[in-house]
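> what follows is a predicted protein model with its sequence.
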Amino acid sequence: MRAVSLLLGLLAGVVLFPQRAVADVASRPTEGHPNALYLDLGVDGAPVTGRLGYARALGTGFVAPTWVFADAAIPLLRPDFGDFALRSGARVHLLRSGRFELPVQAAVLLRGTRNVSFSARGWGTELGVQPGWYAERWLLAAELSWDQQWLTYLEPTAEHRSRIYADARSGWYGGSAVTLRAGARVGLLSSERFELLLRAGYEWHGRYDAMLPPLYALVSANVRF
């Protein structure tokens, strides 16, 4: 039945939500340390999400800092490399006036999941801004982001076909998930190399609000080199 396939598409939208936060690279790079490794841990769609990534600064000093980054994330309570999120993008500090800065970030995401009924792969985008005060040793900023899942490829399993619907077919589904986020971040650069950030806020999931937690909270750290 087509209704069964549509239901699977909606479920894929739900399970492709986890691991979707604005990247946490170092707030302000230095000429001697343009690289950063970052780690995020916390509640973010999944009860405990972990993300590990690498970023490279293309501009320092009086030039607006531009970071390019790539990272990978999985849920940690029940680790499964079939449930993942891969992301790559860039972050540019467009406006700088004293300590006030306006970073803007854009990224492309590939998410995947699998379970007893289906496996799914989805492509999406993430747009975000983090306006706030960025001093040499600390930061205080807001964060706003829009995460949209545009395409999802769904493949029912053999068990699903044998027990639920024999004619279930693989195929592409359109925009299946969206997340809007509003929150705050506080950061401390304890040395020239290490930065710790605390982040928390509210998430809006549209039609999936009843299924997913409306809040997120993460501890993020990065090391420059």
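Happy to help now that I have it.
> every contact and neighbour count from this point should use C-alpha atoms.
Will do.
> surely A70 and R56 touch.
No: with contact defined as Cα atoms under 8 Å, A70 does not count as touching R56 (9.4 Å).
> and these two? Which one has more around it.
When neighbours are counted by other Cα atoms under 10 Å, A70 and R56 differ, and R56 comes out ahead with 21 against 18.
> give the bridge partners for the more buried one, please.
Applying DSSP bridges to R56 gives these bridge partners: N35, V68.
> now it: how far from A90?
To A90, R56 is 9 Å away according to Cα to Cα, to the nearest Å.
> and for these two, which residues touch both?
Overlap of the contact sets of R56 and A90 (by Cα atoms under 8 Å, 6 or more residues apart in numbering) consists of 67-69.
> top of these by neighbour count?
Counting by other Cα under 10 Å, top hit in the shared contacts of R56 and A90: W67 with 26 neighbours.
> tell me where the chain has strands.
Taking DSSP state E as the criterion, the chain contains strands spanning 35-44, 46-57, 66-75, 84-97, 100-114, 118-129, 132-134, 138-156, 171-173, 177-189, 194-204, 215-224.
> for Y165, find the nearest of those strands.
strand 138-156 (9.4 Å; Cα to Cα).
> just the CA trace of the closest one, in CSV.
Extracted as CSV, the C-alpha positions of strand 138-156 are listed here (Å, rounded to 0.1, in the frame of the first residue of the first chain):
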residue,chain,number,x,y,z
TRP,A,138,35.8,34.6,26.0
LEU,A,139,32.6,34.7,24.0
LEU,A,140,28.9,35.3,24.6
ALA,A,141,26.6,34.9,21.7
ALA,A,142,23.2,33.9,20.5
GLU,A,143,22.7,31.1,17.9
LEU,A,144,20.0,30.8,15.3
SER,A,145,19.8,28.0,12.7
TRP,A,146,17.6,26.4,10.1
ASP,A,147,18.2,22.7,9.3
GLN,A,148,16.3,21.3,6.3
GLN,A,149,16.2,17.7,5.1
TRP,A,150,15.6,18.0,1.3
LEU,A,151,15.8,14.5,-0.1
THR,A,152,15.7,11.1,1.5
TYR,A,153,16.2,7.7,-0.2
LEU,A,154,14.3,5.0,1.6
GLU,A,155,14.9,1.2,1.2
PRO,A,156,12.6,-1.2,3.0
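> pull out the buried positions in it.
Using 16 or more other Cα atoms under 10 Å as the burial criterion, the residues of strand 138-156 that qualify are 138-149, 151-156.
> which elements pack onto it?
In terms of contacts (3 or more Cα pairs under 8 Å, 6 or more residues apart in numbering; DSSP states H and E), strand 138-156 is packed against helix 2-15, strand 118-129, strand 132-134, strand 171-173, strand 177-189.
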